[in-house]
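1. sequence and computational prediction follow.
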Amino acid sequence: MTTVDVYVSRADESQFSLHSGLFGPATTVFHRLVDLIHRGEVKGTYDVACASGEVPGAMLRQLLEGVGADAGSGEPVDEKTLTAMILDDYVYNVEAIEF
């Protein structure tokens, strides 16, 4: 089974992560991030197994919209709680890895 991990961090080192199997929130974010990089809306790189980009907070909210995210704590975190941690004026480093 494929596993996807997504790590979101900012310069002050606060971070959260998403984990899922072949289908799930992390996989959805992985594909959305690749699409944003491909369209030139986010500065970053990607290949078939990983993607990394610098995402403004306001865009990160859109990236996470509707994923029903699990923030890696082992317990589901509702989307409002997750997006409340995001500051629009910050730039976040988002790394997605499929293995």
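-> Received, thanks. Numbers count the residues shown, from 1 in each chain.
2. can you give me the buried ones in stretch 41-60?
-> Within stretch 41-60, the residues that qualify as buried are V42, G44, Y46, C50, A51, S52, G53, V55, P56, G57, M59, L60, counting by 16 or more other C-beta atoms under 10 Å. C-betas here are computed from N, CA, C, even on glycine.
3. which helix or which strand is home to the last one?
-> What that stands for is L60. helix 57-64 (DSSP states H and E).
4. tell me the pLDDT at E79?
-> For E79, the pLDDT comes out at 73.
5. in the least confident helix or strand in the chain by mean pLDDT, what counts as buried?
-> Taking mean pLDDT, DSSP states H and E as the measure, the chain has helix 79-84 as its least confident helix or strand, at a mean of 77. Residues of helix 79-84 classed as buried by neighbour count (16+ other C-beta under 10 Å): E79, L82.
6. what is it packed up against?
-> If you count contacts as 3 or more C-beta pairs under 8 Å, 6 or more residues apart in numbering; DSSP states H and E, helix 79-84 packs onto helix 57-64.
7. where in this protein is pLDDT low?
-> 1, 68-78 (pLDDT under 70).
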